[in-house]
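Colleague: what shape does this take:
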Amino acid sequence: MKRFAGLVCAVAAVVFFASCSKDKESGTIAFDSPAVFLNAGDAVTVGFSASNIESFSITGKPTGWSDPVIDAANRTITVVSPEKFDDDNDAVKSGSVTLTGKVHGGSTASATLFVGVVDTEDLSDKPANCYLINKKETNYLINAMYKGDVTEQVPSSVDVVWQSRSNLIQYLELKDGKASFYVAADSDDGDKIKEGNAVIGAYDAGGTLIWSWHVWAADYDPEAEGGAVYFNGYSMMTRNLGALAADNSSVENILASYGLYYQWGRKDPFIGPSSYNAANGASASMYNGGGSRVYLRTAASSAETGTVAYAVQHPLTFITGVSGSENDWLWSAHSDDLWSASKKSPYDPCPHGWRVAPSAVFDGLKLVGAPTAADADKYGWGLTDPERGTSSLFIGAGRRRYDNSTILNVYNPVTVRSVAEEAQPWEGLYWTAGTLSGTKSPAFHFWFEKKTTGGGLENNVPYARANGMSVRCVRVQ
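Modeller: Numbers count the residues shown, from 1 in each chain. Just a heads-up that it's a prediction; the model follows:
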């Protein structure tokens with residue numbers, strides 16, 4: 001028995017030393033930053049770390065760029081961009097630099113650095129909880145040292161909480177107190193930005209999320225002609241917050257026009273459905289910064305979960321209403337100030353210079369035209385201000401139900417209504433910033449009836465605040 005035990009120890013020793021020997025034949029290289037953004041003719045020095053590397057070389061670079069200079073002793077490389085980009089040098093404006101290291105025994109290790117001569121858009125002077133970006137191949141900067149309410153914070157890192165497309169947000173890092181990231185051009189149309197929605201989070205040293213910002217990447221400018229419409233003295237965006245279109249001419253455009261869903265008073269959005277008719281109530285796919293799937297969570301409102309602090313730290317959690325909270329996501333201390341009908345509030349989900357529409361915006365609006373039974377598949381309707389003659393399409397995105405978070409925008413006689421005459425093929429539900437007493441908030445509610453040729457339109461309809469519904473933003477006056 002003793003001899004057997006000794007043999008086991010001897011074998012274990014051999015395995016241990018073999019593992020150590022193998023480790024010595026591998027190495028690692030990592031850049032201090034994932035990307036470098038510079039101007040034409042600029043030189044930038046970037047640090048890197050390396051382990052078990054005996055020599056370094058550049059094995060990849062963008063076309064037309066000079067070889068970066070390696071300083072092995074100080075663990076840096078210096079990248080110099082071309083001074084011009086034309087037919088003479090055939091240089092490209094962006095690409096990757098690959099640093100390769102030779103390891104003892106003949107193996108290699110490498111690291112890749114994105115380099116680009118691109119525009120930088122610093123949004124630090126525009127504090128908000130949402131940033132609408134529409135410029136392709138641009139490095140964006142957000143001041144991560146302040147929350148949307150301009151309260152100071154000290155983040156240690158930033159990361160993608162969720163994004164609607166894998167690799168939408170690229171090269172995200174915390175740099176000099178700012179969240180720096182890059183959004184590329186659309187792969188199908190190089191003249192447009194890659195569109196989608198994302199939430200970027202700031203984390204403290206312990207890894208706790210302390211604030212987050214919605215990034216709305218869209219080929220849309222509300223300041224451009226046709227980007228806004230005047231209703232009742234307010235300038236309103238012509239599409240839903242987070243929408244990538246404002247069109248119901250096809251099922252693809254209907255889905256793109258939905259935008260995102262919001263619980264009343266929360267700053268963070270929830271993604272829309274996976275199909276245009278939300279047939280099964282399922283959410284569209286979401287991804288983290290590494291490209292892996294992430295999923296919406298639900299938590300019933302309670303003394304622990306039904307607080308503003310919990311909502312801020314859990315932007316992927318839909319807080320369902322319960323009878324104890326009077327179907328508000330807030331458990332107690334129900335607040336009418338999270339969104340404001342008179343000014344932009346600290347938890348307002350709209351971009352800088354815009355805020356959630358007050359209910360007065362919708363007063364007196366009329367349907368454009370008379371709905372018929374043949375219009376059941378439109379999933380939206382034009383509304384007009386009769387006095388000004390202005391109009392805009394409002395999509396029928398329905399809502400995320402307050403009690404289970406599923407998306408519902410079509411008639412379901414089993415779980416929704418028992419009166420068929422009230423059935424709609426779809427309905428539009430829009431939060432306003434106004435409130436009624438207690439925990440009920442007025443929502444702009446419009447619909448087109450399925451069994452008649454008439455249409456319906458109501459303003460200031462009270463709905464449970466835990467519902468997730470569409471939002472339209474108006475310009476801050």
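Colleague: C-alpha from now on. contacts and neighbour counts both.
Modeller: Fine.
Colleague: what sits against the residue nearest to the spatial centre of the chain?
Modeller: For the chain, Ala198 is the residue whose C-alpha lies nearest the centre (CA atoms, centre = their mean; 1.6 Å). Taking CA atoms under 8 Å, 6 or more residues apart in numbering, we find Ala198 in contact with Val160, Val161, Trp162, Gln163, Ser164, Leu168, Ile169, His214, Val215, Trp216.
Colleague: let's go with 7 Å and repeat that
Modeller: Trp162, Gln163, Ser164, His214, Val215, Trp216 (CA atoms under 7 Å, 6 or more residues apart in numbering).
Colleague: who does the helix or strand that it is a member of pair up with?
Modeller: Ala198 belongs to strand 196-203 when assigned by DSSP states H and E. Strand 196-203 has the following strand partners under DSSP bridges: strand 157-163 (antiparallel), strand 209-217 (antiparallel).
Colleague: picking up where we left off before, turn the contacts of Ala198 into TSV, including distance to Asp191 and pLDDT.
Modeller: What follows is the contacts of Ala198, written out as TSV (distance: CA to CA, whole Å; pLDDT from 0 to 100):
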residue	distance to Asp191	pLDDT
Trp162	25	98
Gln163	22	98
Ser164	21	98
His214	23	98
Val215	20	98
Trp216	18	98
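Colleague: can I get those in a markdown table with distance to Lys175?
Modeller: Shown next, in a markdown table, are the contacts of Ala198 (distance: CA to CA, whole Å):
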| residue | distance to Lys175 |
| --- | --- |
| Trp162 | 21 |
| Gln163 | 21 |
| Ser164 | 24 |
| His214 | 19 |
| Val215 | 18 |
| Trp216 | 21 |
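Colleague: in ChimeraX, select just the buried ones from those.
Modeller: Provided next is the ChimeraX selection string for whichever of the contacts of Ala198 are buried by 16 or more other CA atoms under 10 Å:
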select :162,163,164,214,215,216
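Colleague: and Asn277, what pLDDT?
Modeller: We have a pLDDT of 86 for Asn277.
Colleague: try Gln313
Modeller: Gln313 carries a pLDDT score of 98 in this model.
Colleague: which residue packs closest to Tyr182, ignoring adjacent ones?
Modeller: Asn139 (4.5 Å; CA to CA, 6 or more residues apart in numbering).
Colleague: any idea how far that neighbour is from Asp219?
Modeller: Here the criterion is CA to CA, to the nearest Å. By it, Asn139 lies 16 Å from Asp219.
Colleague: what of Thr28?
Modeller: On the measure of CA to CA, Thr28 and Asp219 end up 40 Å apart.
Colleague: re the thing from before, what's the spacing between the nearest residue in space to the residue nearest to the centre of the chain that is not next to it in sequence and Cys350?
Modeller: Take Ala198 and drop its neighbours on the chain: the residue closest to it by CA to CA, 6+ apart is Gln163, 4.0 Å away. Distance of Gln163 to Cys350, given as CA to CA: 18 Å.
Colleague: for Ser156, same thing?
Modeller: Counting by CA to CA, the gap from Ser156 to Cys350 is 26 Å.
Colleague: great, nothing more from me.
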